[in-house]
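In: sequence plus the predicted model coming up.
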Amino acid sequence: MLERIVAPSLLAADFACLGDQVAECEAAGARWFHFDVMDGHYVPNLSIGIPVLRSLRAVTSSFLDVHLMIDNPEIFLEPFADAGADLITIHQEVSTHLHRDVHEIRRLGKKAGVAINPSTAASAIAEVLPFVDLVLVMTVNPGFGGQTFIHAAARKATQVRAMADDLGLAHLHVEVDGGVGPDTAPVAARAGADVLVAGSSVFRGPGTIGQNYEAIRRVLEAGT
Ligand code: DX5
Ligand code: ZN
């Protein structure tokens, strides 16, 4: 079984001191960060992009998981790869040639991910499963942090894990993103997710950033 990973989602961080907040997460044990890119077209919000990723790459050796919530993602694969992404995830719903795009990400020397929205069936990514390193199951509709975890969507993590097992893809990451905190992380983990993205609950939770991160780790270790 894959080791569980809690990935702070930087969308909820204070961008005026992003490097410090990343370091705070790292001091608590985080080694994987989720980086949300929004274009105002595919999702009704704007966030951060290539220059911020490049700056971040210069101050951390942690794993940078870039989630592209943008139209025409194929245009931006190389720039994000060059800026320091370790993994690039594109949405099944926007990629016209998903097979080509995931191969292109790997050709660039990066791990490839494919994301599915709450309304997208797990079967939609069946044909590309052998060519990706991660499937991102959205448990909110993409575009904003701080939304409520959609339980029905989390069940697709179980389906994706079963599809991967059938194909002998033991190392495929199943990532759950949206509304994950100490109460819902165990639900996502039990459903089969090994990467749990947590934004608001880490950066805007009741304790310090480090304490909030550790609280999620603790509930996962306590029993799932
Ligand atoms: C939503 C983003 C998420 C978001 C999660 O579109 O893809 O990664 O940052 O934020 P929380 O954990 O606050 O739901
Ligand atoms: Zn995300």
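Out: Arrived safely, thanks for sending. Ligands and ions are numbered 1, 2, ... in the order given.
In: tell me the SS of the closest residue to residue 209 other than its chain neighbours?
Out: Closest residue to residue 209 apart from its sequence neighbours, by CB to CB, 6 or more residues apart in numbering: residue 24 at 4.5 Å. Every C-beta, even on glycine, is put in place using the N, C-alpha and C of the backbone. Following DSSP: H, G, I helix; E, B strand; the rest coil, the label given to residue 24 is helix.
In: which residues of the chain lie near ligand 2?
Out: Contact residues, the chain versus ligand 2 (CB under 5 Å from the ion): 36, 67, 177.
In: neighbours around the closest residue to residue 223 other than its chain neighbours, how many?
Out: Nearest residue to residue 223, sequence neighbours excluded (CB to CB, 6+ apart): residue 186, at 7.3 Å. By other CB atoms under 10 Å, the residues close to residue 186 number 16.
In: just say helix, strand or coil for residue 186.
Out: helix.
In: how about residue 72: what's its closest non-neighbour residue?
Out: Leaving aside its chain neighbours, residue 72 sits nearest to residue 94 (7.6 Å; criterion: CB to CB, 6+ apart).
In: measure the one you found to ligand 1 for me?
Out: 14 Å (CB to the nearest ligand atom, to the nearest Å).
In: checking that residue next. Helix, strand or coil?
Out: Under three-state DSSP, the three-state class of residue 94 is coil.
In: surely it and residue 75 touch.
Out: No. In this structure, residue 94 is not within contact of residue 75 by CB atoms under 8 Å, at 11.6 Å.
In: can you list the buried residues in stretch 202-213?
Out: 202-203, 205, 209-210, 212-213 (16 or more other CB atoms under 10 Å).
In: distance between the ends of that stretch?
Out: In stretch 202-213, first residue to last residue: 5 Å (CA to CA, to the nearest Å).
In: centre of the chain to it, how far?
Out: 19 Å (CA atoms, centre = their mean, to the nearest Å).
In: for the residue lying closest to residue 25 once chain neighbours are set aside, what are its contacts?
Out: Using CB to CB, 6+ apart and skipping residues adjacent in sequence, the residue nearest residue 25 is residue 8, 4.9 Å away. Counting by CB atoms under 8 Å, 6 or more residues apart in numbering, residue 8 touches 25, 30, 33-34, 197-199, 202-203, 209, 213.
In: one more time with 6 Å, if that's ok
Out: By CB atoms under 6 Å, 6 or more residues apart in numbering, the residues touching residue 8 are 25, 30, 33, 202.
In: give me the element whatever residue of the chain ends up closest to ligand 2 is part of.
Out: Per CB to the ion, residue 67 is where the chain lies closest to ligand 2, at 3.8 Å. Element membership of residue 67, judged by DSSP states H and E, is strand 63-69.
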